[in-house]
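Visitor: A structural model of the following input is requested.
(chains A and B)
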Amino acid sequence: EIVLTQSPDFQSVTPKEKVTITCRASQSIGNNLHWYQHKPDQSPKLLIKFASQSFSGVPSRFSGSGSGTDFTLTINSLEAEDAATYYCHQSSSLPWTFGQGTKVEIK
Amino acid sequence: EVQLVESGGGLVQPGGSLRLSCAASGFIFSSYNMNWVRQAPGKGLEWVSYIDTRSATIHYADSVKGRFTIARDNAKNSLYLQMNSLRAEDTAVYYCARVVLPLFPFDYWGQGTLVTVSS
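Guide: Below you'll find the predicted structure:
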């Protein structure tokens, strides 16, 4: 099983600040890494697919990078509505797995 | 608009059974593979099961293999999860999620249905 480790687990950020979340895979997964935003009592929303491709309708302040084992989600100029938990997910091999999540709080 | 609506959750005793449903609309259901993903209280997301468009390929997480059965009815635009021999650790919000192909991300998710396993 491929283990995804996110860091940090929690981040408290002021609006307009830049947020960087990393996801490290226990083995190489190419670019088969995706990012989701999950708010309480809502369905998870796909933000970034295949490491760096923005999903339809996602604000341009969200971007992704990386390949192999190390990946990054960046939120430029954080907005209040971005308060959520962010998860990475690998689709390279079964069982498909998720990172443990990074909770982003707005100061 | 793509919509996935789960139902069937509730309180069940350990060892009991429950059947979840996911009603799909706004897209051609028979053209998409589907998954179940769960989130235990205070925990992260855990993939549970996958089924392809024709029900020919099915996968399960080891934690549910032999106890859960995924199925779909393309004529009814519906996805199902039959859960037997339920354990306390199966307590979670269960989401259905759409996927184009196995290597692809889960592009749309339902709002989830809560399953509580407790005596």
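
Visitor: what residue is smack in the middle of the chain?
Guide: No chain specified, so I'll use chain A. residue A:35 (3.9 Å; C-alpha atoms, centre = their mean).

Visitor: ah, no, chain B please
Guide: Centrality entry for chain B: nearest residue to the mean C-alpha point is residue B:36, 2.9 Å, by C-alpha atoms, centre = their mean.

Visitor: check contacts around that one.
Guide: Residues near residue B:36 by C-beta atoms under 8 Å, 6 or more residues apart in numbering or on different chains: B:20, B:22, B:47, B:48, B:49, B:70, B:79, B:81, B:94, B:95, B:96, B:97. Bear in mind the C-beta positions are built from the backbone N, C-alpha and C, glycine included.

Visitor: The residues you listed: which ones sit near chain A?
Guide: Intersecting the contacts of residue B:36 with the contacts of chain A gives B:47, B:95, B:97 (criterion: C-beta under 8 Å from any C-beta of the partner chain).

Visitor: so what's the last one closest to, chain neighbours aside?
Guide: I take that to be residue B:97. Excluding the flanking residues, the one nearest residue B:97 by C-beta to C-beta, 6 or more residues apart in numbering or on different chains is residue B:106, at 3.8 Å.

Visitor: can I get the CA coordinates of stretch A:15-30 in CSV?
Guide: Provided in CSV are the C-alpha atoms of stretch A:15-30 (Å, rounded to 0.1, in the frame of the first residue of the first chain):
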residue,chain,number,x,y,z
PRO,A,15,-6.2,36.2,4.6
LYS,A,16,-4.0,37.0,1.6
GLU,A,17,-1.2,34.9,2.9
LYS,A,18,0.3,32.1,0.8
VAL,A,19,-0.3,28.5,1.9
THR,A,20,1.9,25.6,1.0
ILE,A,21,0.9,22.0,1.7
THR,A,22,3.2,19.1,0.9
CYS,A,23,2.4,15.4,0.2
ARG,A,24,5.1,12.7,0.1
ALA,A,25,4.4,9.3,-1.3
SER,A,26,6.1,6.2,0.1
GLN,A,27,7.0,5.2,-3.5
SER,A,28,7.0,6.8,-6.9
ILE,A,29,3.5,7.5,-8.3
GLY,A,30,4.4,9.5,-11.3
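
Visitor: For chain B, what lies in contact range of chain A?
Guide: Counting by C-beta under 8 Å from any C-beta, the residues of chain B close to chain A are B:4, B:44-47, B:50, B:59, B:61-62, B:95, B:97, B:102-112.

Visitor: Can I get the buried part of these as one PyMOL selection?
Guide: The buried residues among those can be selected in PyMOL (16 or more other C-beta atoms under 10 Å in any protein chain shown) with this line:
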select buried, chain B and resi 4+44+45+46+47+50+59+61+95+97+102+104+105+106+107+108+109+110+112
